[in-house]
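Engineer: return atomic coordinates for the entry below.
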Amino acid sequence: MIDHQKERLVGEIIYYNHQKKFGFIKTSDGDSFFFYSNSQIRWDEKQEGLIQKMFTPFVGDTVSFLIRPSEYKKGELEAYGLKWIGNSHKEALLLEMKSNLNILGEILPGFESVYYLKPENHKCWLKIIPGPWDVELPSFLEDREGSWMNFRIVQKANLQRMKAILFESPKSSIYDYLSYHQKAGFPIPLRIISNKKGKIKVETEEGGIKGFFISSSITDSGELLWLKTLSKDMVVDGFVSHVLLTSKTILVDFFKPHNPFNQEVEEGFSDAEGIIDF
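Structural biologist: Coordinates of the predicted model:
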């Protein structure tokens with residue numbers, strides 16, 4: 001007979017409803033226990049000393065817990081005082097992603113425009129967050145509910161806080177604008193923010209995206225002389241040499257266009273997104 005006041009059991013969360021804040025834990029013996037866990041309950045349990053740290057439950061989490069007579073179903077037991085132990089499914093996912101870059105995840109709906117991703121062949125859920133260039137992500141996800149997409153993981157060092165960013169997700173109009181000009185080799189207006197110690201910081205006139213240019217590789221005396229004339233708030237034309245997806249930043253070149261794809265792009269047209277209005 002289990003003393004539900006003292007003995008902690010260990011099990012895995014097999015279901016959790018993020019909207020209604022309830023779920024089920026299954027032990028290695030096959031027993032299942034209902035639990036209810038919102039932020040106020042977790043805070044009260046922390047204040048009572050039942051738990052040391054608050055966490056948000058996710059499917060696949062291994063937890064320890066106490067049991068008591070159910071407050072919702074007479075004659076049954078329920079779990080409470082959940083303590084997070086780990087998530088072996090997320091650990092396995094990280095290991096697989098080191099050798100496989102094409103893992104898919106299924107988009108699942110959450111609550112109040114929050115969506116989750118269930119990685120293929122793994123019993124865990126990851127919250128989907130927007131990338132730095134993404135716009136209108138909730139409507140994008142709503143149209144793709146139940147579909148499969150590639151993703152990457154952020155906050156890998158903390159299994160409790162791991163999140164997913166989709167590879168195929170919406171981009172902002174400024175991203176389309178910069179990507180098009182990069183591929184076509186067309187210049188864009190750049191406002192000088194600073195010019196110090198061989199590093200010129202700029203900001204795009206279109207969308208306020210930050211960028212920089214390193215002058216240390218320039219050997220032409222005429223180009224070096226011109227670079228020294230650049231001062232704060234001047235607006236000059238420059239070429240986008242690289243769009244950094246992870247930081248919403250660009251690298252620029254003032255002297256020659258970069259067209260790594262070596263392709264022709266019709267003016268006013270992006271091969272990825274269609275017509276762009278300038």
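Engineer: for the stretch 151-278 of the chain, give me the ranges with low pLDDT.
Structural biologist: Scanning the stretch 151-278 of the chain for pLDDT under 70 picks out the ranges 258-278.
Engineer: for it, which segments count as helices?
Structural biologist: 173-184, 221-228 (DSSP state H, counting those that start in this stretch).
Engineer: buried residues, the shortest one. List them.
Structural biologist: Neighbour-count burial for helix 221-228, with 16 or more other CB atoms under 10 Å as criterion, is recorded at L227. No exception for glycine: its C-beta is placed from N, CA and C like everyone else's.
Engineer: using CSV, list the CA coordinates for it.
Structural biologist: This file holds the C-alpha atoms of helix 221-228, laid out as CSV (Å, rounded to 0.1, in the frame of the first residue of the first chain):
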residue,chain,number,x,y,z
SER,A,221,44.1,53.7,-52.4
GLY,A,222,41.1,55.4,-54.1
GLU,A,223,38.6,53.2,-52.3
LEU,A,224,40.4,53.6,-49.0
LEU,A,225,40.3,57.4,-49.4
TRP,A,226,36.6,57.3,-50.2
LEU,A,227,35.8,55.1,-47.2
LYS,A,228,37.4,57.7,-44.9
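Engineer: who's in contact with it?
Structural biologist: N195, I200, S215, I218, F254, F255 (CB atoms under 8 Å, 6 or more residues apart in numbering).
Engineer: okay if I get the helices of the stretch 151-278 of the chain as a markdown table plus distance to W84?
Structural biologist: Shown next, in a markdown table, are those (distance: least, CB to CB, whole Å):
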| stretch | distance to W84 |
| --- | --- |
| helix 173-184 | 37 |
| helix 221-228 | 54 |
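Engineer: out of the contacts of helix 221-228, which are buried?
Structural biologist: Buried, going by 16+ other CB under 10 Å: N195, I200, S215, I218, F254, out of the contacts of helix 221-228.
Engineer: these in strands, which ones?
Structural biologist: Per DSSP state E, strands hold the following members of the buried ones among the contacts of helix 221-228: N195, I200.
Engineer: alright, calling it a day.
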